[in-house]
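Enquirer: predicted model follows, preceded by the sequence.
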2 protein chains.
Amino acid sequence: MSSASRRLLSTITVKPTPSKAHLHRSIPDTAFPQGFRLTGVHCGVKKSAQALDLGVIISTTPKPASAAACFTKNAFVAAPVVVSKAVLEGNSGTARALVVNSGCANAVTGKQGMENAWSMARETDKLITEHSGGANEQTLVMSTGVIGQQLPISKIISGIQGSTNTFGTNFDAWERTALAFMTTDTFPKLRARTFKINGQEYRMAGMDKGAGMIHPNMGPPGPPHATLLGCILTDVAITPKSLQSALTHAVERSFNSISVDGEMSTNDTIVVLANGAAAASDTKAIDEHADPEAFATFREELKDFAIELAQLVVRDGEGATKFVTVTVKGAPTYEDAHKVASRVSTSALVKTALYGEDANWGRVLSATGSIQLSRPLDPTAVSVTFIPPPTSANTAPLPVLINGEPESVDEQRASEIMANEEFEILIDLGLPGAQGVAQYWTCDFSYDYVRINGDYRS
Amino acid sequence: MSSASRRLLSTITVKPTPSKAHLHRSIPDTAFPQGFRLTGVHCGVKKSAQALDLGVIISTTPKPASAAACFTKNAFVAAPVVVSKAVLEGNSGTARALVVNSGCANAVTGKQGMENAWSMARETDKLITEHSGGANEQTLVMSTGVIGQQLPISKIISGIQGSTNTFGTNFDAWERTALAFMTTDTFPKLRARTFKINGQEYRMAGMDKGAGMIHPNMGPPGPPHATLLGCILTDVAITPKSLQSALTHAVERSFNSISVDGEMSTNDTIVVLANGAAAASDTKAIDEHADPEAFATFREELKDFAIELAQLVVRDGEGATKFVTVTVKGAPTYEDAHKVASRVSTSALVKTALYGEDANWGRVLSATGSIQLSRPLDPTAVSVTFIPPPTSANTAPLPVLINGEPESVDEQRASEIMANEEFEILIDLGLPGAQGVAQYWTCDFSYDYVRINGDYRS
């Protein structure tokens, strides 16, 4: 900001972003999947000695874990993404470890960046020789933070070497690892669940980090950078191909169905490791074609869990004061419904109206109508409803538009619903016989969003 | 906003939106095209008696003017758009008049809305019987303002009837008409220019209104609504088909290349009337195929003028403190370049960085890389440069990324450039032999944008 414009500063009144601390919960040690050891430590990428910035996850089963991943489609893919892709390919969809650093994205870093990403992976490989029999290149890599800046690679290597005595399997170890993923996330995003397939109990745990700008103290050179990173670990036995198939389905309906600000980063990565540690020795790895029922069960669990993790990112969205579900139904196809939900969820006018607690169906309609569907939309068939959260005293939905006709809206009731931190917007395109349904999760655009992303270097 | 959240209000310091009043300029009477009479009056759609809200433009030449238009592609098209399309079709691309009201968009208003739009058109038709010999349905219609609310049609009809003695041809009449287009625009957007074709001098004048929310006093029911409306009037003689061809080309490179908040409205309309009033009686109407040279000259003039009008909308963007040109070159095609320029221009992260006066090439790069081009992008060929305005003391461009390699940026110099109200971001995709070039014009995302769009009903 120039000194001239500084002189013109004035003040406005804002709602502060509510605390999200209650979303971080303790999890019983027994809820975590078997056969994983992990840690989160401070190695020095972040300046504050309290800030964890290096995480390592190791699968301790004799055989490598099945591994699957979804990566950013951005043309400027970061070095760790390139390395993780190569490792997955080189091991036919298996891996034994994952190393992650926060504070520096290792993106737009050229040859040196590639070398550094490989160094992180190979240093972590050394920690797993006891399991892998010395096989190399079995570690996946993730980085998040500043873009265009080289990793402080010697600090990271020392950090990996020094981490050996810090590994654990209890909540503390999982929590430390989740903390090491964080940039400006306001809480560590860690969840776990158990589920049954063919009578056998399995576990799934995971962590992710949100689209947050890195800490302004990281300093130049290189602008900060928003990224979505996540990993899910499970003790199910499943073939690599089927795991990838399940993950692709799950990511489309979870991480690819959230929006904080509509930006796709150069580092976005979601990884799943399935090590089979809880499977009986005579249990065959789940295969999509050989055992479609078991596969369907697993895929559903994975999808629901991915949605839970993805929603945490939206709830912790930069400056977010609202968590809003956008449901689109009556669309020709799932893809059509997804496109409309995405457009409504990223509309700046819809998102500022959410912040203003205004049931502005006109903006919802405009955004809906701007999407070209595979079958023409019929404006006289579209209905829009605002739905309060199930925890409300009055859970009655509020229709604002029915079959293209604006309702005479009870403004008092509309304000009541919009005052909730959480609610749903249902858009029924109403096309006859159309079964396409999709959901998206979004947050509002607040003054704090502008402050966080506009003011951090001024 | 709930009373609970009101209690938590705090204040932040903001840069106020700079005044744009200097962009409204007086224009000599002689600069306006011949053969047009026009007016702007207050008829009562807007509450304030000072606020003009009804404009009428009439072409007075014996033959109807060639007319062309580009309309919103939104599925929820407003009634005036439907009527204008029908009038254009019914008259084989000619028209004699244009009537516009601000304050109410006549969108999502069903049958009644259609009837009202036709009433406006037919009442205006009565003003032109002296020219048209009683031919009906020669008036195009535009509306902008609140959505989902019926027009106060009797006020509008009285307004049209009462306007007869207020028509003029001088600056005052043009200015009043431009004022009648406005919703929350902070200044009337009126421009004129002269040009020559085959040695003959012609004139072109036009006005538009921006993506602004209507005045909060308009009251319920129905949420406010952003729209782009514009019209260009010229005394050139050109065939309807060639006029449409020129306009389509011009709109793609002007009004379709600007972004305030990335929203497509239900009413967006740009109209051109060319009445041939300045053409000598033996001058043939310009035809794209019969006289490609004259056509090319006109198309270029129309494009440049449309860009000038379109830029005014961005300069007056809601809460805008910056006016930024995004130029993309070295793309496989124009369409590729346009897609990238559009994505960068609508990126919330780029726009908040512009507000924060931060030369954040990482965000520019992320947005660029998220677009799928017709030929794969080569990250090692991309360069990004920040270019100060030509009026700067130091006009040297600042490269921040050359062939995919981040430059060591002089932060002082970067701040200097970003402190300007106006500058350019040049993205060279650097694909060998690729000639695709496109420009986009955008503004920043400021606290005031959130205030204007989030707070207007609270």
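Expert: In hand now; what should we look at? It should be emphasised that the depicted structure is a prediction, and the values quoted were computed from it without experimental measurement.
Enquirer: just give me the neighbour total for A:Lys126.
Expert: Number of residues near A:Lys126 (other CB atoms under 10 Å in any protein chain shown) recorded here: 15. Quick note: C-beta positions are derived from backbone N, CA and C, even for glycine.
Enquirer: same check on A:Phe423?
Expert: 21.
Enquirer: what's the helix or strand for it?
Expert: Taking DSSP states H and E as the definition, A:Phe423 sits inside strand A:422-428.
Enquirer: and that strand, what's its mean pLDDT?
Expert: Averaged over strand A:422-428, pLDDT sits at 98.
Enquirer: so which bits of it are buried?
Expert: In terms of neighbour count (16 or more other CB atoms under 10 Å in any protein chain shown), strand A:422-428 has its buried residues at A:423-428.
Enquirer: next one: stretch A:86-104
Expert: A:86-88, A:91, A:93-104.
Enquirer: now, which of these lie within strands?
Expert: A:94-95, A:97-104 (DSSP state E).
Enquirer: is chain B within reach of stretch A:74-81?
Expert: Yes - for stretch A:74-81 and chain B, the contact criterion (CB under 8 Å from any CB of the partner chain) is met by A:74-77.
Enquirer: okay, the residues you listed in a markdown table with distance to B:Ser26 next?
Expert: Putting the residues of stretch A:74-81 next to chain B into a markdown table (distance: CB to CB, whole Å) gives the following:
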| residue | distance to B:Ser26 |
| --- | --- |
| A:Asn74 | 49 |
| A:Ala75 | 49 |
| A:Phe76 | 48 |
| A:Val77 | 54 |
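Enquirer: not counting sequence-adjacent ones, nearest residue to A:Arg203?
Expert: A:Pro33 (4.1 Å; CB to CB, 6 or more residues apart in numbering or on different chains).
Enquirer: now do the same end-to-end measure for stretch A:25-43.
Expert: Stretch A:25-43 has an end-to-end distance of 25 Å (CA to CA, to the nearest Å).
Enquirer: just to revisit the earlier point, quick check: phi and psi on the residue nearest to A:Arg203?
Expert: When read as degrees, to the nearest 10, the backbone of A:Pro33 gives phi -60, psi 150.
Enquirer: that one reaches A:Thr234, doesn't it?
Expert: Yes - here A:Pro33 reaches A:Thr234: they are 5.3 Å apart, a contact under CB atoms under 8 Å.
Enquirer: more crowded one of these two?
Expert: Applying other CB under 10 Å to A:Pro33 and A:Thr234 shows that A:Thr234 carries more neighbours, namely 31 against 25.
Enquirer: residues contacting the more buried one?
Expert: A:33, A:202-205, A:272-275, A:302 (CB atoms under 8 Å, 6 or more residues apart in numbering or on different chains).
Enquirer: what distance do you get for it to chain B?
Expert: To chain B, A:Thr234 is 30 Å away according to CB to the nearest CB, to the nearest Å.
Enquirer: excluding residues flanking it in the chain, which one is nearest that residue?
Expert: Per CB to CB, 6+ apart, closest to A:Thr234 is A:Met204, 4.3 Å.
Enquirer: chain B versus the residue nearest to A:Asp291 when sequence neighbours are not counted, what's the distance?
Expert: Nearest non-adjacent residue to A:Asp291, counting by CB to CB, 6+ apart: A:Lys284, 7.6 Å away. Applying CB to the nearest CB, the value for A:Lys284 to chain B is 39 Å.
Enquirer: what's the pLDDT at A:Lys284?
Expert: The model reports A:Lys284 with a pLDDT of 93.
Enquirer: mind checking how far A:Ser415 is from A:Leu365?
Expert: 20 Å (CB to CB, to the nearest Å).
Enquirer: those two: which is more packed in?
Expert: A:Leu365 (29 against 16).
Enquirer: the helix or strand where that one lies close to chain B?
Expert: Using DSSP H and E, A:Leu365 falls within helix A:361-369. Yes - shown here: helix A:361-369 in contact with chain B (CB under 8 Å from any CB) through A:361-363, A:365-369.
Enquirer: and A:Ser26, what is it in contact with?
Expert: A:Phe171.
Enquirer: wait, a strand at it?
Expert: No - checked against DSSP: H, G, I helix; E, B strand; the rest coil, A:Ser26 lies outside a strand; its state is coil.
Enquirer: so what pLDDT did it get?
Expert: Reported pLDDT for A:Ser26: 96.
Enquirer: do the one 3 residues further on as well
Expert: The predicted local distance difference test score for A:Asp29 is 96.
Enquirer: that one - how many residues pack around it?
Expert: 14.
Enquirer: equivalent analysis for the one 10 residues further on, please.
Expert: Residue neighbour count, defined by other CB under 10 Å, stands at 24 for A:Thr39.
Enquirer: that one: what secondary structure?
Expert: strand.
Enquirer: now A:Ala178: how far from A:Gly55?
Expert: Distance of A:Ala178 to A:Gly55, computed by CB to CB: 8 Å.
Enquirer: likewise for A:Ala68?
Expert: Counting by CB to CB - A:Ala68 and A:Gly55 are separated by 19 Å.
Enquirer: circling back: okay, and the common contacts of A:Pro33 and A:Thr234?
Expert: By CB under 8 Å, 6+ apart, the residues touching both A:Pro33 and A:Thr234 are A:202-205, A:275.
Enquirer: possible to save the residues you listed as JSON lines with pLDDT, secondary structure and distance to A:Leu190?
Expert: As requested, the shared contacts of A:Pro33 and A:Thr234 are exported to JSON lines (pLDDT from 0 to 100; DSSP: H, G, I helix; E, B strand; the rest coil; distance: CB to CB, whole Å):
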{"residue": "A:Tyr202", "pLDDT": "98", "secondary structure": "strand", "distance to A:Leu190": "18"}
{"residue": "A:Arg203", "pLDDT": "98", "secondary structure": "strand", "distance to A:Leu190": "13"}
{"residue": "A:Met204", "pLDDT": "98", "secondary structure": "strand", "distance to A:Leu190": "12"}
{"residue": "A:Ala205", "pLDDT": "98", "secondary structure": "strand", "distance to A:Leu190": "7"}
{"residue": "A:Asn275", "pLDDT": "97", "secondary structure": "coil", "distance to A:Leu190": "19"}
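Enquirer: out of the residues you listed, who's the most crowded?
Expert: A:Asn275 (29 neighbours).
Enquirer: surely that residue is in contact with A:Ile58?
Expert: No - A:Asn275 lies out of contact with A:Ile58 (CB under 8 Å); the separation is 9.9 Å.
Enquirer: if I look at these two, which residues touch both of them?
Expert: With CB under 8 Å, 6+ apart, A:Asn275 and A:Ile58 have common neighbours A:Phe36.
Enquirer: pLDDT score for A:Met1?
Expert: Taking A:Met1 on its own, its pLDDT is 35.
Enquirer: and A:Ile270, what are its phi and psi?
Expert: Dihedral angles (degrees, to the nearest 10) for A:Ile270: phi -120, psi 130.
Enquirer: how about it: which residues does it bridge to?
Expert: A:Cys70, A:Gly230 (DSSP bridges).
Enquirer: residue contacts, it?
Expert: Taking CB under 8 Å, 6+ apart, one finds A:69-70, A:208, A:228-232, A:247, A:251, A:255, A:306 in contact with A:Ile270.
Enquirer: what's the closest of these to chain B?
Expert: Of all those, chain B sits closest to A:Leu228, with 12.3 Å by CB to the nearest CB.
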